[in-house]
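Participant: Just to be clear, the model below is a prediction. Sequence and coordinates:
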Amino acid sequence: MALTYLLDILGTLVFAVSGAFRAVKYELDFLGVLVLAVATGVGGGILRDILIGSVPPAAFRDETYLFVCLLGGLLVFLAAPKIARRWDLVMAADAVGLGVFSAIGAAKAAEFHLGPLGIVMMSVLTATGGGVIRDILVSEIPAVIRVDFYATAALCGGLCFLAAGLAGLGETLQLFSSILVATGLRLVAMIYRINLPRV
Amino acid sequence: MALTYLLDILGTLVFAVSGAFRAVKYELDFLGVLVLAVATGVGGGILRDILIGSVPPAAFRDETYLFVCLLGGLLVFLAAPKIARRWDLVMAADAVGLGVFSAIGAAKAAEFHLGPLGIVMMSVLTATGGGVIRDILVSEIPAVIRVDFYATAALCGGLCFLAAGLAGLGETLQLFSSILVATGLRLVAMIYRINLPRV
Amino acid sequence: MALTYLLDILGTLVFAVSGAFRAVKYELDFLGVLVLAVATGVGGGILRDILIGSVPPAAFRDETYLFVCLLGGLLVFLAAPKIARRWDLVMAADAVGLGVFSAIGAAKAAEFHLGPLGIVMMSVLTATGGGVIRDILVSEIPAVIRVDFYATAALCGGLCFLAAGLAGLGETLQLFSSILVATGLRLVAMIYRINLPRV
């Protein structure tokens, strides 16, 4: 589980960086950068914890997450152009974060006895909630419901968690198989620019 | 109470359909349609349950609600033009949903010992919260606070629930009188296009 | 604590007035004015209570807050031009509300055993959450993350609460010192139009 924790921290950092960049794009001030970093980094997990009734949310019980978000905001504030130049690395790390958040969301929902639909929803919500809050705060339609093969990857991660559970695998294998599926699908979609059909 | 449950399911389905149509209007992909269907169908009830401290929310304890939302999204995805042609029926069903959600919101708030103002607020929130989330997700000002005699009908439903309680009626009569009041007022307002005064 | 309660009520009233004015600006109807008054007046405290797990939120346990919000909305609906003429008084009262909400948010977070970062965040969230909800409801980027030295004043109030606690002061002194710091900084910033740096 130590590896899961490290990946979770990495995911939080990358999501915080993505939030901070949005703040820079909208020319928000220093505090705005920090607020968007925190909201994007831990927003999904907080939404999940409130919905399943696990309060105070994990992000307030282990403040490492908040520190990591502030660090991400600070990094962007100090070195936005340098980070932007290696955006491919940020996107790859973002795919890892997506997978980890999706798997952790599913595991936590299962722990709180949610049904299969609830587990998949918490998987998607944990992975995408931070980004949705980020986009709402700057008054955009959330990217995740607009075009991208992003929430779908998280959803497949949640489904994989369920399937691995039905197949009798232990929780560690459930977690890692769903991280692999969600992160893998996201990377493939990024490379081949896959999208879902529309009406 | 079996009738209330059926009406609740009907309301959830209609609200999900209204959310899914918004997604189609904004040309969201298939998952966007499902997300807006779920958020609109169960969003109001989830907001209410979080606010009164009834977690996990009802929608996660009885997954029928989530299934019905996905069904609504799927129906719109497959048959949007056919549904649009009978929009009058959708609007009438929506008025029923409004009344049922308003009554159930009031009853649940009373069960959790909220005061009269809290009961009326939960009445309005349950009936309109899903629509507010839907509109925020597509970055519109919520229709409900803009022009329509919609929240007002839900509010009158909540007041009726209170009045019926003060008059000593049992919970079943409280529920049905407030459904009648809210749905009736909404239908009348739809027919005569009634709006509230502005500054 | 009676003084804190009175200041809390004053803050709620002023925030409700600010929400109601936004509704008037967007030409919402009477119910829209009330909704924005309530959401802005008690929204920050409700968000805080949900996040720390204190449900139902304080605003539903003591309905005075809701009544005060409705009163604020009614005042604006009836006398918007008169209130607008004394906007300097409204802004001064708003600075008091900011300080009180910041201090109460910190105290309540400490009571629920949040860590130092959590305490500062709840300080900012209580003071600014209502305004953020108000701005999201009318589809604007929240003022607080855009340009103003507003959240920063709340943040300094939270930091002062922590520092006073570390210095061994009792809770009453913690509360009043952080009210003084946050309200004072906000007033100074309003007079000298101070803003934070941007990228």
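Facilitator: Thanks, I have it.
Participant: right, is stretch A:52-59 up against chain B?
Facilitator: Yes. Judged by CB under 8 Å from any CB of the partner chain, stretch A:52-59 comes into contact with chain B at A:52, A:53. Every residue, glycine included, has its C-beta placed from N, CA and C.
Participant: distance between the ends of that stretch?
Facilitator: 15 Å (CA to CA, to the nearest Å).
Participant: And it, how far out from the chain middle?
Facilitator: Distance of stretch A:52-59 from its chain centroid, counting by CA atoms, centre = their mean, to the nearest Å, is 16 Å.
Participant: Taking chain A, what residue is nearest to chain B?
Facilitator: residue A:53 (3.2 Å; CB to the nearest CB).
Participant: tally of neighbours for that residue?
Facilitator: 17 (other CB atoms under 10 Å in any protein chain shown).
Participant: wait, what's in contact with it?
Facilitator: A:112, B:55, B:56 (CB atoms under 8 Å, 6 or more residues apart in numbering or on different chains).
Participant: As TSV, those with distance to residue C:81 would be great.
Facilitator: Below are the contacts of residue A:53 laid out as TSV (distance: CB to CB, whole Å):
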residue	distance to residue C:81
A:112	52
B:55	44
B:56	48
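Participant: wait, which of those is closest to chain C?
Facilitator: residue B:55 (8.0 Å).
Participant: Is any residue of the host helix or strand of residue A:37 near chain C?
Facilitator: Element membership of residue A:37, judged by DSSP states H and E, is helix A:30-52. Yes. Counting by CB under 8 Å from any CB, contacts between helix A:30-52 and chain C involve A:30, A:31, A:32, A:33, A:35, A:36, A:38, A:46, A:50.
Participant: of all the contacts of residue A:53, which comes closest to residue A:157?
Facilitator: Nearest to residue A:157, judged by CB to CB, of these is residue A:112 at 17.9 Å.
Participant: Measure how buried the residue nearest to residue A:59 when sequence neighbours are not counted is and give me the count.
Facilitator: Excluding the flanking residues, the one nearest residue A:59 by CB to CB, 6 or more residues apart in numbering or on different chains is residue A:42, at 4.0 Å. With neighbours defined by other CB under 10 Å, the count for residue A:42 comes to 27.
Participant: swap in residue A:164?
Facilitator: Residue A:164 has 20 nearby residues by other CB under 10 Å.
Participant: Establish whether whichever strand or helix holds it and chain B are in contact.
Facilitator: Using DSSP H and E, residue A:164 sits within helix A:151-166. Yes. Using CB under 8 Å from any CB, we find that helix A:151-166 touches chain B at A:151, A:152, A:155.
Participant: what's the next secondary structure element after that helix?
Facilitator: That would be, after helix A:151-166 and using DSSP H and E, helix A:171-192.
Participant: Show the average pLDDT along that following helix.
Facilitator: Helix A:171-192 shows a mean pLDDT of 93.
Participant: Among the residues of helix A:151-166 next to chain B, which one is most surrounded by other residues?
Facilitator: Neighbour-wise, the residues of helix A:151-166 next to chain B (other CB under 10 Å) top out at residue A:151, 27 neighbours.
Participant: got a list of what it touches?
Facilitator: So residue A:151 contacts A:124, A:127, A:128, A:144, A:145, B:31, B:35 (CB under 8 Å, 6+ apart).
Participant: What does the pLDDT read for it?
Facilitator: Reported pLDDT for residue A:151: 89.
Participant: and if you look at residue A:199?
Facilitator: Value for residue A:199, per-residue pLDDT: 59.
Participant: tally of neighbours for residue A:168?
Facilitator: 7.
Participant: next one: residue A:2
Facilitator: 6.
Participant: and it, how far is that from chain C?
Facilitator: Residue A:2 sits 22 Å away from chain C, taking CB to the nearest CB, to the nearest Å as the criterion.
Participant: Now the buried members of the contacts of residue A:151.
Facilitator: By neighbour count, with 16 or more other CB atoms under 10 Å in any protein chain shown, the contacts of residue A:151 hold A:124, A:127, A:128, A:144, A:145, B:31, B:35 as buried.
Participant: what's the closest of the residues you listed to residue C:136?
Facilitator: residue A:145 (16.3 Å).
Participant: any idea which helix or strand carries residue A:118?
Facilitator: helix A:116-137.
Participant: Just the C-alphas of the helix or strand immediately after that helix in the chain, formatted as PDB.
Facilitator: Remark: after helix A:116-137, the chain's next helix or strand is helix A:143-146, criterion DSSP H and E. C-alpha atoms of helix A:143-146 as PDB (Å, rounded to 0.1, in the frame of the first residue of the first chain):
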ATOM      1  CA  ALA A 143     -13.700  19.500 -19.900                       C
ATOM      2  CA  VAL A 144     -14.500  16.000 -18.700                       C
ATOM      3  CA  ILE A 145     -18.100  16.000 -19.900                       C
ATOM      4  CA  ARG A 146     -17.300  17.800 -23.100                       C
END
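Participant: and helix A:143-146, does that touch chain B?
Facilitator: Yes. Helix A:143-146 lies within reach of chain B by CB under 8 Å from any CB, at A:145, A:146.
Participant: tell me what that helix is packed against?
Facilitator: The elements that helix A:143-146 packs onto, with contact taken as 3 or more CB pairs under 8 Å, 6 or more residues apart in numbering or on different chains; DSSP states H and E, are helix A:116-137, helix B:30-52.
Participant: The shortest one near chain C anywhere?
Facilitator: Translated: helix A:116-137. Yes. Judged by CB under 8 Å from any CB, helix A:116-137 and chain C are in contact via A:136, A:137.
Participant: Mean confidence (pLDDT) on that helix, please.
Facilitator: Rounded mean pLDDT across helix A:116-137 is 94.
Participant: Go through it and flag the buried ones.
Facilitator: Going by 16+ other CB under 10 Å, helix A:116-137 has these buried residues: A:116-137.
Participant: Now do that helix and helix A:171-192, the angle between them.
Facilitator: Angle, helix A:116-137 to helix A:171-192, by axes from the mean of the first three to the mean of the last three CA atoms, to 10 degrees: 50 degrees.
Participant: Dump helix A:116-137 to CSV, restricted to CA.
Facilitator: What follows is helix A:116-137, C-alpha atoms only, in CSV (Å, rounded to 0.1, in the frame of the first residue of the first chain):
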residue,chain,number,x,y,z
PRO,A,116,-21.7,-1.7,-8.0
LEU,A,117,-23.1,1.5,-9.7
GLY,A,118,-22.0,3.6,-6.6
ILE,A,119,-18.5,2.1,-6.8
VAL,A,120,-18.1,2.9,-10.5
MET,A,121,-19.5,6.4,-9.9
MET,A,122,-17.1,7.1,-7.0
SER,A,123,-14.3,5.9,-9.3
VAL,A,124,-15.2,8.5,-11.9
LEU,A,125,-15.9,11.2,-9.4
THR,A,126,-12.6,10.8,-7.5
ALA,A,127,-10.7,10.9,-10.8
THR,A,128,-12.6,13.8,-12.4
GLY,A,129,-14.2,15.8,-9.5
GLY,A,130,-11.2,18.0,-9.0
GLY,A,131,-11.1,18.9,-12.7
VAL,A,132,-14.8,19.6,-12.7
ILE,A,133,-14.5,22.0,-9.7
ARG,A,134,-11.5,23.7,-11.4
ASP,A,135,-13.5,24.3,-14.6
ILE,A,136,-16.7,25.5,-12.7
LEU,A,137,-14.5,27.9,-10.7
